[in-house]
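> mind looking at a prediction? Sequence and model below.
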Amino acid sequence: MTAKTEHDLALPVGVTLDRFIMRSQSAFPYATGELSQLLRDIALAGKIIDREVNKAGLVDVTGAHGTSNIQGENQQKLDVVANIRFIRALKNGGEVCAIISEEDEDILYTGNDKGKYVVAMDPLDGSSNIDVNVSIGTIFSIYRRVTPVGTPATLADFMQGGRKQVGAGYILYGSSTMLVFSTGCGVNGFTYDHSLGEFILSHKNIRCPQDGSIYSINDGYYNSYQPAVQEYLLDSRQRGYSARYIGSLVADFHRNMFKGGIYLYPPTQAEPKGKLRLLYECYPLALIAEQSGAKASDGYGDVLDIEPSALHQRTPFYVGSARMVDDITARL
Ligand SMILES: O=P(O)(O)OC[C@H]1O[C@](O)(COP(=O)(O)O)[C@@H](O)[C@@H]1O
Ligand SMILES: [Mg+2]
Ligand SMILES: [Mg+2]
């Protein structure tokens, strides 16, 4: 019997995340509940970070933390708070044996060697927007470990490749807070109802339009983009496309997935391999993209087919409506 997809479960908009997870799990005869519990732990961490983000202006979580991360970026206080909160929620949940984070150089061991999953995460995406009340997010990617349960996880658990993700998604802290994820059977979105303290199914079976007229790129780097990218930008202007760039990958990706559009972060002189990180930014969003009918490319192939080689490796990233991604990659 083939596993039903979430969509066959006739789950109406309005059900809670918990009920959605429970019903989805019942569609997978061999499911043992750990992945379901892990998704609940991620949702819990999202609620905690939502609270921190919402009161960011009131309490002392704005501004620089005074430290820098493995990327050489100045960490914002909320980067550090979100990192701590996410790690704690995954540790306490018990399903995750190890984590990699944008904010930490090495693998973080949770002490749950019996955990069957590892998580790669960008605890706070869009750090440059934290202090100015612009949408930011969290991005996560889940793998089932390949090392024996009961032993410490190793690099191999994180180097499985994008197509081995068993789940991926993001939380968008915007005008509303939304959790969007996929476990390989389509993409669903849940809006956080603060009064209930629950994530509620609000966007079922999200499909990205095949084409669009929005492009999202930092135009300020125009001179350092390769000629094919410059040509694509000129054509986009000629065509009267709208330029929309929030500067938070999650927010730009989310908008384009619903309205049709493309987000581009090509190589630049400063970042010859692109800026975005493969394991906890590009792989998870590429899974969401492909599951919604969109495309994600590094300019030469699908992002999900890139061979991973390092925890914090970077890649060029072109993601969004399939025809728009085809258009730019055909020029590269
Ligand atoms: O300022 P730039 O170079 O345009 O980069 C913006 C991009 O960098 C990011 O901020 C990188 O993510 P982090 O904020 O998690 O480091 C993306 O969210 C965003 O799309
Ligand atoms: Mg990021
Ligand atoms: Mg980040």
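That came in fine, so what should we check first? Ligands and ions are numbered 1, 2, ... in the order given.

> next one: the helix or strand hosting residue 46 to chain centre, how far?
Using DSSP states H and E, residue 46 sits in helix 34-54. On the basis of CA atoms, centre = their mean, to the nearest Å, helix 34-54 sits 14 Å off its chain's mean C-alpha point.

> same question, stretch 323-332
Distance of stretch 323-332 from its chain centroid, counting by CA atoms, centre = their mean, is 22 Å.

> before we move on, back to that, tell me which other helices or strands the helix holding residue 46 touches.
Contact partners of helix 34-54 among helices and strands, from 3 or more CB pairs under 8 Å, 6 or more residues apart in numbering; DSSP states H and E: helix 17-26, helix 77-93, strand 117-125, strand 136-144, strand 165-173, strand 177-182, strand 188-193. Yep, even glycine has a C-beta here, placed from its N, CA and C like the rest.

> now with 7 Å, please.
Here helix 34-54 touches helix 17-26, helix 77-93, strand 117-125, strand 136-144, strand 165-173, strand 177-182, going by 3 or more CB pairs under 7 Å, 6 or more residues apart in numbering; DSSP states H and E.

> looking at these, which is buried most?
For the helices and strands packed on helix 34-54, the largest average neighbour count (mean count of other CB atoms under 10 Å) is found in strand 117-125, namely a mean of 28.

> correct me, but residue 121 touches residue 86?
Yes. Here residue 121 reaches residue 86: they are 6.1 Å apart, a contact under CB atoms under 7 Å.

> returning to what we had before: looking at the helices and strands packed on helix 34-54, which is nearest to ligand 3?
Closest to ligand 3 of the helices and strands packed on helix 34-54 is strand 117-125 (CB to the ion; 4.4 Å).

> quick one: that closest one to strand 136-144, angle?
170 degrees (axes from the mean of the first three to the mean of the last three CA atoms, to 10 degrees).

> angle of strand 117-125 against helix 34-54?
20 degrees.

> the inter-axis angle of strand 117-125 versus strand 165-173?
Angle, strand 117-125 to strand 165-173, by the same axes, to 10 degrees: 20 degrees.

> contacts only, for residue 244.
214, 216, 255 (CB atoms under 7 Å, 6 or more residues apart in numbering).

> and the residue nearest to the first one when sequence neighbours are not counted, its phi and psi?
In this structure, residue 214 finds its nearest non-sequential neighbour in residue 261, 3.1 Å apart by CB to CB, 6 or more residues apart in numbering. In this entry, residue 261 is assigned phi and psi values of phi 170, psi -180 (degrees, to the nearest 10).

> check residue 261 and give its pLDDT.
pLDDT for residue 261: 98.

> how far away is it from ligand 3?
From residue 261 across to ligand 3, the span is 22 Å (CB to the ion, to the nearest Å).

> next, count neighbours for residue 14.
9 (other CB atoms under 10 Å).

> ignore what I typed, I meant residue 210.
Neighbours of residue 210 (other CB under 10 Å): 14.

> hmm, it is touching residue 322, no?
Yes. If you go by CB under 7 Å, residue 210 and residue 322 touch, sitting 5.2 Å apart.

> need the contact list for the residue of the stretch 101-250 of the chain found nearest ligand 2.
Closest to ligand 2 within the stretch 101-250 of the chain is residue 125: 3.5 Å, counting by CB to the ion. Contacts for residue 125 were tallied using CB under 7 Å, 6+ apart; they are 136, 137, 138, 139, 248, 249, 250.

> for the third one, give me its contacts.
To tie it back to what came earlier, the one meant is residue 138. Going by CB under 7 Å, 6+ apart, residue 138 touches 46, 49, 82, 121, 122, 123, 124, 125, 170, 171.

> run the last query once more with 8 Å
Neighbouring residues of residue 138 by CB atoms under 8 Å, 6 or more residues apart in numbering: 45-46, 49, 82, 86, 121-125, 170-171, 173, 250.
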